[in-house]
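Asker: I would like the atomic coordinates for the input below:
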Amino acid sequence: MKNLIAIIFLFSCCLIQAQKVAVNKPVPSKQQLAWQKMDFYLFAHFGPNTFTDLEWGKGTEPEDVFNPTNLDCGQWCRIAKAAGAKGIIITAKHHDGFCLWPSKYSTHTVAQSKWRNGKGDVLRELSDSCKKYGLKMGVYLSPWDRNHPKYGTPEYNDVFINMMKEVVKNYGPFFEFWWDGANGEGPNGKKQVYDWNRFEKTMRTVAPNTIVFSDIGPDARWVGNENGIAGDPNWDLLDTAGFSRGAGAPSTDTLNHGNVNGKNWIPAECDVSIRPGWFYHKEEDDKVKTPEQLFTLYLKSVGRGSNLLLNVPPDKEGLIDAHDSAALVGFKKLRDESFGRPVTNKKFTAASTLYKIDLHQSQKINCIVLNEDIASGQKIKSFTVQFMSDNKIVNELNGNTVGKKRILTFPSMNINSFIIKINESKATPLLDNIAAYLIDEDLVEKPN
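Answerer: Model (predicted):
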């Protein structure tokens, strides 16, 4: 009898342990896991367009047009830190082909400008500042080049590969490398046939720990819009077979939601600008998004399992404008006030389809934050939150995917417990953290 009891006990322990480590592939790499935990970082669109008031430069702008009179990348980093951002991605080369570093592979760079007598290097200053202030650095490098004479020929693929190697070697390591899928005419009127396979192999060789972004990854995907809004549901999974970057990418709806049974782990990144445009335009100083608008975007991006890439473009001096910095600091204040003091915050280590949170007394809440253990895969397809008062269900809220973070907001209610029921999942899931908050009622997410 004792032996039978021991066997049953061991079987039960094994079952519990199996639930803890149940894996549903695909799963993220350690680099993707670290990237997804960053949640929020800044984009810096900066270049000749800053001085010409264009969004897409023509590639014919004289190099001397680029002349920031008071560039201070340390100011960018101080503001990023004050905003709670984890890093900055800079447009090292936009479609106009102008390089913000003295590249050996172009004659359309800061070295040919009058800025700092041709001795300036924006990437060097940003790289040094990011290290000083404890921020991560990323680079946007557009393959489209409206200036380079070899664009539209097979030789340009070598040029682009050499540029990638150059920036990684001189200014890395980067947390993210951003590929834009745009493809238009060059100075010879031709379009380029990009050798994406070589581009990808190059990055895997020279920067194996860097997340590579494009509309189909390989590591992170475009969310399908420039509004900063992830889909609901939002899967970290994507099927890429038969698709290509740019015009051959999956539909925007697919990019927005991912594929429920996708074969590749390629989570979404939500890019959006704090202003109507991507580059700085003085006439947009009064059109900067408010802290409240940024908070709403946070709920619809990070709160749906995505990362938020918020563009904050430096001005003609090379500084982040006061309107933008004020909005960013206000945005940080709202996040701190909302999520700084949880009503409850529970960690779990065992997989389950039912989680009960006891508040011990009647308390008012209007926000719940769920974190799924995505290291073992994204499993939850649907769930229900049951709000309890005196052991009676007083309200219910249904949700779809959870992923690395799901933020649910709703009208305030007094309860003394709530239950998370997993209705449908690919395998027994682990919600490794569940928290509840009372945030400003005006910040509660409104229906789309």
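Asker: how about K446, what does it touch?
Answerer: T296 (CB atoms under 8 Å, 6 or more residues apart in numbering). Where you see a C-beta, it was placed from the backbone N, CA and C, and this is true even at glycine.
Asker: What helix or strand is it located in?
Answerer: Per DSSP states H and E: K446 is located in neither a helix nor a strand.
Asker: Mind listing residues that contact stretch 116-135?
Answerer: Under CB under 8 Å, 6+ apart, the answer for stretch 116-135 is 44, 46, 71, 73-74, 76-78, 80-81, 85-88, 90, 92, 100-102, 110-113, 136-137, 139, 167, 170-171.
Asker: Which of those fall within strands?
Answerer: Among these, the members found in strands (DSSP state E) are 44, 87-88, 90, 92, 136-137, 139.
Asker: what's the residue most central in space within the chain in contact with, if anything?
Answerer: The residue lying closest to the centre of the chain (CA atoms, centre = their mean) is N307, at 2.9 Å. Contact analysis of N307 by CB under 8 Å, 6+ apart lists 35-36, 38-41, 220, 267-270, 301.
Asker: can you put these in JSON lines and add pLDDT, neighbour count and secondary structure?
Answerer: Output for the contacts of N307, formatted as JSON lines (pLDDT from 0 to 100; neighbours: other CB atoms under 10 Å; DSSP: H, G, I helix; E, B strand; the rest coil):
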{"residue": "W35", "pLDDT": "98", "neighbour count": "26", "secondary structure": "helix"}
{"residue": "Q36", "pLDDT": "98", "neighbour count": "22", "secondary structure": "helix"}
{"residue": "M38", "pLDDT": "98", "neighbour count": "18", "secondary structure": "coil"}
{"residue": "D39", "pLDDT": "98", "neighbour count": "18", "secondary structure": "coil"}
{"residue": "F40", "pLDDT": "98", "neighbour count": "22", "secondary structure": "strand"}
{"residue": "Y41", "pLDDT": "99", "neighbour count": "25", "secondary structure": "strand"}
{"residue": "A220", "pLDDT": "98", "neighbour count": "25", "secondary structure": "strand"}
{"residue": "P267", "pLDDT": "98", "neighbour count": "29", "secondary structure": "coil"}
{"residue": "A268", "pLDDT": "98", "neighbour count": "25", "secondary structure": "strand"}
{"residue": "E269", "pLDDT": "98", "neighbour count": "24", "secondary structure": "strand"}
{"residue": "C270", "pLDDT": "98", "neighbour count": "27", "secondary structure": "strand"}
{"residue": "S301", "pLDDT": "98", "neighbour count": "28", "secondary structure": "coil"}
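Asker: show me the contacts for S306.
Answerer: Contacts of S306 by CB under 8 Å, 6+ apart are 223, 230, 234, 267-270.
Asker: how about a cut-off of 6 Å?
Answerer: 230, 268, 270 (CB atoms under 6 Å, 6 or more residues apart in numbering).
Asker: Which one of the contacts of N307 is nearest to E55?
Answerer: C270 (19.5 Å; CB to CB).
Asker: Next up, the contacts around the nearest residue to that closest one once chain neighbours are set aside.
Answerer: Once flanking residues are discounted, C270 sits nearest to S301: 3.8 Å by CB to CB, 6 or more residues apart in numbering. Residues near S301 by CB under 6 Å, 6+ apart: 228, 230, 270, 308.
Asker: any idea how far G231 is from H257?
Answerer: G231 sits 4 Å away from H257, going by CB to CB, to the nearest Å.
Asker: how near is Q293 to S103?
Answerer: For Q293, the distance to S103 - CB to CB - is 37 Å.
Asker: More neighbours: which of these two?
Answerer: A count of neighbours by other CB atoms under 10 Å puts S103 above the other of Q293 and S103, at 22 against 14.
Asker: can I assume the more buried one is in contact with T109?
Answerer: Yes - assessed by CB atoms under 6 Å, S103 is found in contact with T109 at 5.1 Å.
Asker: Domain-wise, how is this structure divided?
Answerer: According to automatic domain parsing, the chain comprises the domains 30-339, 344-443.
Asker: Tell me which of those domains sits nearest to N24.
Answerer: Of these, nearest to N24 by CB to CB is domain 344-443, at 3.5 Å.
Asker: what distance separates that closest one from the centre of its chain?
Answerer: In terms of CA atoms, centre = their mean, to the nearest Å, the centre of domain 344-443 is found 24 Å from the chain centre.
Asker: and what of stretch 180-200?
Answerer: 25 Å.
Asker: How many neighbouring residues does the residue lying closest to N49 once chain neighbours are set aside have?
Answerer: Among residues not flanking N49 along the chain, F279 sits closest, at 4.2 Å (CB to CB, 6+ apart). Counted with other CB under 10 Å, the neighbours of F279 add up to 26.
Asker: right, and F279 touches P314 too?
Answerer: No - here F279 does not reach P314: they are 9.2 Å apart, not a contact under CB under 6 Å.
Asker: low-scoring pLDDT stretches of the stretch 51-200 of the chain, where are they?
Answerer: The model of the stretch 51-200 of the chain has no residue with pLDDT under 70.
Asker: just the helices in it please.
Answerer: Along the stretch 51-200 of the chain, counting by DSSP state H, counting those that start in this stretch, helices occupy 73-82, 122-133, 154-171, 196-206.
Asker: In the third one, which residues are buried?
Answerer: Counting neighbours by 16 or more other CB atoms under 10 Å, one finds that the buried residues in helix 154-171 are 156-157, 159-161, 163-168, 171.
Asker: got it, and stretch 351-363?
Answerer: 351, 353, 355, 357, 359.
Asker: if we take those residues, which one ends up nearest to R245?
Answerer: Nearest member of these to R245, counting by CB to CB, is A351, at 36.7 Å.
Asker: measure that closest one to W196 for me?
Answerer: Where W196 is concerned, A351 sits at a distance of 38 Å (CB to CB).
Asker: Repeat that for L238.
Answerer: 16 Å.
Asker: which of these two has more neighbours?
Answerer: The residue with more neighbours, out of L238 and W196, is L238; 25 against 18, by other CB under 10 Å.
Asker: What is the burial count for the residue nearest to the more buried one when sequence neighbours are not counted?
Answerer: Leaving out its chain neighbours, the residue that sits closest to L238 by CB to CB, 6+ apart is I266, at 4.2 Å. A total of 29 residues lie near I266 under the criterion other CB under 10 Å.
Asker: what's the answer for F174, then?
Answerer: 23.
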